[in-house]
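> have a look at this prediction, sequence included:
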Amino acid sequence: MAKDTFFQKKATINAGGRLIDLSSPRVMGIINLTPDSFFAGSRKQSIEAAMAQAVEMLAEGATFLDLGAYSSRPGADDVSVLEETDRLMPVVQAIVSEYPDAILSIDTFRSKVAEVAIKAGAHMINDISGGQLDEDMFATVARLQVPYILMHMKGNPRTMNKIAEYEDVFAEVYDYFSERYHQLKMLGVHDVIIDPGFGFAKKREHSYALMSRLQDFNVLQLPILAGVSRKTMIYGLLGVTADEALNGTTALNTIALTKGANILRVHDVKEAVETVKIWEMCK
């Protein structure tokens, strides 16, 4: 197994006053509060359904729950800030009330949604746009002093597939991280996690090229999140559906771990936790 012997990556993040050790990989469970996310099994449109999913994922070993109320699948419809907030906040409030020890990540690119959720008890922001779709996001994260997941994407969910062109995808994504992390650091953001954005404004070959060089992002000395769960880079390659892509997801998650991933963002927590346990025994 590959070990990072040259670069000392940041190994902890502060989530609501709790220090989370990422030197052992962690699992983030996906809860989509949307009617149109690409994987139907992740859609939880009632508070009861979302709470049941949260309980199950926590019991299975998820360190983080990632709540999203705006579908980022290719071609997804736009929704207003109000609609996104209305979908999100009842679930945030319910989980915070019933499971105060749960660490909640908010999957949004809007600073207003991020701020409302953090003030209601959420702990970190997962921004698919890396601050590109809301010029106030970086300043908001700095003011709130919460961990921030910086993902790479070009365009937005409605346009990203049309602009998935690169001369050197790794170099472009690396430069993007380097530049935007510098901006965040200058604003005083302490905890940044990078996510290459597999499948976001990337053709299949781009996503696999990034996975093949995932370990090279360790030069940035930042925790890495890998989000490949049931994506088209898996089911399109294998000629199956998203419903049938769990085995391929487990295989790719294992590869991500060998290349330095610190967080696996997944629909299937139990399988990912088992993958981490087995991988750690082989290090």
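Yes, it's here. Numbers count the residues shown, from 1 in each chain.

> now do the strands in this protein.
12-15, 18-21, 26-32, 64-68, 103-107, 124-127, 148-151, 192-195, 225-226, 263-266 (DSSP state E).

> okay if I get those as a markdown table plus mean neighbour count?
All C-beta spots, glycine's among them, are computed from the backbone N, C-alpha and C. Converted to a markdown table, the strands of the chain look like this (neighbours: other Cβ atoms under 10 Å):
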| stretch | mean neighbour count |
| --- | --- |
| strand 12-15 | 18 |
| strand 18-21 | 12 |
| strand 26-32 | 27 |
| strand 64-68 | 25 |
| strand 103-107 | 26 |
| strand 124-127 | 26 |
| strand 148-151 | 27 |
| strand 192-195 | 23 |
| strand 225-226 | 26 |
| strand 263-266 | 27 |
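
> including mean pLDDT, could the ones you listed go into TSV?
Formatted as TSV, these follow (pLDDT from 0 to 100):
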stretch	mean pLDDT
strand 12-15	96
strand 18-21	96
strand 26-32	96
strand 64-68	96
strand 103-107	98
strand 124-127	98
strand 148-151	98
strand 192-195	98
strand 225-226	98
strand 263-266	98
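
> measure how buried the closest residue to residue 188 other than its chain neighbours is and give me the count.
In this structure, residue 188 finds its nearest non-sequential neighbour in residue 142, 5.1 Å apart by Cβ to Cβ, 6 or more residues apart in numbering. Residue 142 has 18 neighbours, counted by other Cβ atoms under 10 Å.

> pretty sure residue 142 contacts residue 186?
No - between residue 142 and residue 186 there is no contact under Cβ atoms under 8 Å: 9.1 Å.

> any idea how far stretch 233-248 is from the chain center?
Distance, stretch centre to chain centre, for stretch 233-248: 19 Å (Cα atoms, centre = their mean, to the nearest Å).

> how far does it stretch from one end to the other?
Stretch 233-248 stretches 10 Å from its first residue to its last (Cα to Cα, to the nearest Å).

> could I get the buried residue list for that stretch?
Across stretch 233-248, burial judged by 16 or more other Cβ atoms under 10 Å covers 233, 234, 235, 242, 245, 246, 248.

> what stretches of the stretch 1-150 of the chain score poorly on pLDDT?
1-7, 36-45, 73-76 (pLDDT under 70).

> returning to what we had before: just the buried residues of stretch 233-248: which are in helices?
Among these, the members found in helices (DSSP state H) are 233, 234, 235, 246, 248.

> residue contacts, residue 160?
74, 153, 154, 200, 201 (Cβ atoms under 8 Å, 6 or more residues apart in numbering).

> who's in contact with the closest residue in space to the fourth one that isn't next to it in sequence?
On the basis of Cβ to Cβ, 6+ apart, the spatially nearest residue to residue 200 that is not a chain neighbour turns out to be residue 153, at 4.1 Å. Residue 153 is in contact with 128, 129, 130, 132, 160, 197, 200, 201, counting by Cβ under 8 Å, 6+ apart.

> with distance to residue 172 added, can I get the residues you listed in CSV?
As requested, those are arranged in CSV below (distance: Cβ to Cβ, whole Å):
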residue, distance to residue 172
128, 17
129, 16
130, 13
132, 14
160, 14
197, 11
200, 13
201, 10
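
> of all those residues, which comes closest to residue 35?
Relative to residue 35, the closest of the contacts of residue 153 is residue 128; by Cβ to Cβ it sits at 18.4 Å.

> my guess is the closest one contacts residue 199. True?
No - under the criterion of Cβ under 8 Å, residue 128 makes no contact with residue 199, lying 10.7 Å away.

> shared neighbours, these two?
Residues touching both residue 128 and residue 199 by Cβ under 8 Å, 6+ apart: none at all.
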